[in-house]
Every structure is written in C-alpha cells, then in structure tokens.
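Q: let me see the structure of the following:
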Amino acid sequence: MNKISIVIPAFNEEKSLSQTIQALRQLPYEKEIIVVNDGSSDKTGEIAEVTADFVLHVPSNNGKGNALQVGWKKASADYILCIDADLEQSAGEAIHLIRPLFENKADVVISKVKSGKKSGFGLIKRRARSIIYRNTGFILEAPLSGQRAFQRQWLPLLLKQRYIGFGVETQMSIDLLKAGATILEVETMMKHREMGKTWKGFRHRIKQWVEIEKNCKEVRS
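A: Below is the predicted model:
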C-alpha cells in the first residue's frame with residue numbers, strides 16, 4: 001500500500017491543529033503525521049504531542065519555509081503532503097491531492113480554492129504568479145497555496161534550497177518547474193482562516209510579500 005508523509009508547519013495554532021489532524025487521520029492511506037512546532041508560544045506543541053505521530057520542536061519562530069524543510073527531513077514515505085495547520089475539517093479534502101500522484105498524473109499536485117468573502121485584494125497572488133511566470137514560463141492559478149503534495153524523488157532538490165518564510169511556495173514552484181517537474185492544480189473545498197481586509201490581514205500580506213521578494217532575490221544572487 002502507498003504510504004504518505006503529512007508535514008504540518010504550525011505556529012500558534014492551538015485552536016485548529018487538533019481538528020486538522022483528526023480530519024487527516026480519516027484519509028484511507030497508510031500515513032505518518034509530522035507536526036513542526038515552529039516556536040509557538042501557545043499550546044500548539046502540547047496538542048501536537050498527543051495527536052501527531054512525530055513532533056519536531058523548533059525553539060524559535062523561524063518561518064514556514066524552514067519549518068517545512070525540518071519536516072521534510074523526517075518524512076519517510078514515497079509521497080509527501082504539505083498541509084496548513086488551520087484547515088480543520090476541510091483538511092480531508094487532501095485526498096484530491098494524493099490520488100493524482102498515485103495515478104502518476106503529475107509530480108506535484110497543488111490545491112486551488114475559490115477566494116472567500118474575507119480574502120484580500122489578490123495583489124500578492126498576482127505578484128507571485130508573475131514571478132513564477134517570469135522564471136519558468138508557466139502560469140499557476142494558485143501560486144501561494146500551502147496545500148500541495150509531491151513525489152519523494154523531488155525531495156533532494158527541495159532540501160538543497162533555503163526557503164524563507166512565506167516565500168516557500170513561490171520559490172518551491174520555480175525550483176520544481178525549472179527541474180522539469182510536472183505540476184497539476186486541482187480544485188478542492190479546503191478552507192483556511194482568512195484575516196480579510198483588517199490590519200492583521202494587511203500585516204500578514206505585507207510580510208508574505210517581503211518574504212517572497214527576499215526569497216527570490218536571494219536565489220537569483
């Protein structure tokens with residue numbers, strides 16, 4: 001039976017993590033659930049210890065890119081699934097990312113979802129899409145999606161890079177496409193927490209933008 005390694009980077013996700021893992025447990029595959037507790041100051045680490053198969057504690061918050069790479073190093077399966085900690089019950093939709101890999105329809109599968117009422121203006125998404133296109137000639141509809149699965153053969157490539165914070169998805173896509181990987185985007189009903197057009201939301205998107213630009217600049221230099 002095909003086995004999947006599920007890697008969940010988590011920073012202060014005590015309210016959502018348990019439900020997310022509970023939903024992932026229902027996936028009809030042999031699996032290992034790996035949570036990377038990225039320097040959380042709440043009970044994320046404690047919750048992970050009783051719900052996940054493996055918990056890797058990062059002493060300080062070093063960002064999503066680093067957390068994913070820490071988790072990837074622990075992954076032992078032939079298929080690796082990356083899932084955000086705040087998906088709660090909708091994490092079960094990950095089944096739609098796994099099936100195409102098992103059927104050899106793609107090397108990487110990315111979830112694309114419809115934006116909710118509380119989404120932003122789409123500026124960061126368009127910027128990320130533009131950067132990916134400029135570097136590879138490919139247009140991705142969901143360049144920022146953290147919900148993605150890939151075949152293990154691409155792991156050495158991804159572990160050689162240095163991914164900075166929220167720039168990981170954009171640069172990861174560039175690295176994979178340049179290396180010849182085929183990427184398939186599929187629609188799912190996954191839902192994560194939306195911060196909307198609030199100060200917290202704008203602050204998050206500014207940080208995301210800065211880290212995307214910094215990541216790509218560092219890789220080019």
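Q: what strand or helix carries residue 111?
A: Assessed by DSSP states H and E, residue 111 sits inside strand 108-112.
Q: which parts of that strand are buried?
A: By 16 or more other CB atoms under 10 Å, the buried positions in strand 108-112 come out as 108-111. For every residue, glycine as well, the C-beta is placed using N, CA and C.
Q: so which bits of the helix or strand following that strand are buried?
A: Next helix or strand after strand 108-112 toward the C-terminus (DSSP H and E): helix 123-136. Within helix 123-136, the residues scored as buried using 16+ other CB under 10 Å are 124-125, 127-129, 131-132, 135-136.
Q: how far does helix 123-136 sit from the chain's center?
A: Distance, stretch centre to chain centre, for helix 123-136: 17 Å (CA atoms, centre = their mean, to the nearest Å).
Q: which strands and helices sit next to that helix?
A: If you count contacts as 3 or more CB pairs under 8 Å, 6 or more residues apart in numbering; DSSP states H and E, helix 123-136 packs onto helix 168-178, helix 199-220.
Q: could you measure from residue 170 over to residue 27?
A: When distance is defined by CB to CB, to the nearest Å, residue 170 is 27 Å away from residue 27.
Q: who has more neighbours out of the two?
A: Between residue 170 and residue 27, counting by other CB atoms under 10 Å, residue 170 is the more crowded of the two (27 against 17).
Q: with adjacent residues omitted, what lies nearest to the more buried one?
A: residue 128 (4.5 Å; CB to CB, 6 or more residues apart in numbering).
Q: isn't the one you found right up against residue 142?
A: No. Counting by CB atoms under 8 Å, residue 128 sits too far from residue 142 to count as a contact (9.5 Å).
Q: re earlier: just checking: what are the partner strands of the strand holding residue 111?
A: Counting by DSSP bridges, the strands paired with strand 108-112 are strand 148-151 (antiparallel), strand 183-187 (parallel).
Q: need the pLDDT of residue 218.
A: The model reports residue 218 with a pLDDT of 53.
Q: repeat for residue 210
A: Looking at residue 210, its pLDDT is 67.
Q: just residue 162 next, same as before
A: 89.
Q: quick one: it is in a helix?
A: No. Read with DSSP: H, G, I helix; E, B strand; the rest coil, residue 162 is coil and lies in no helix.
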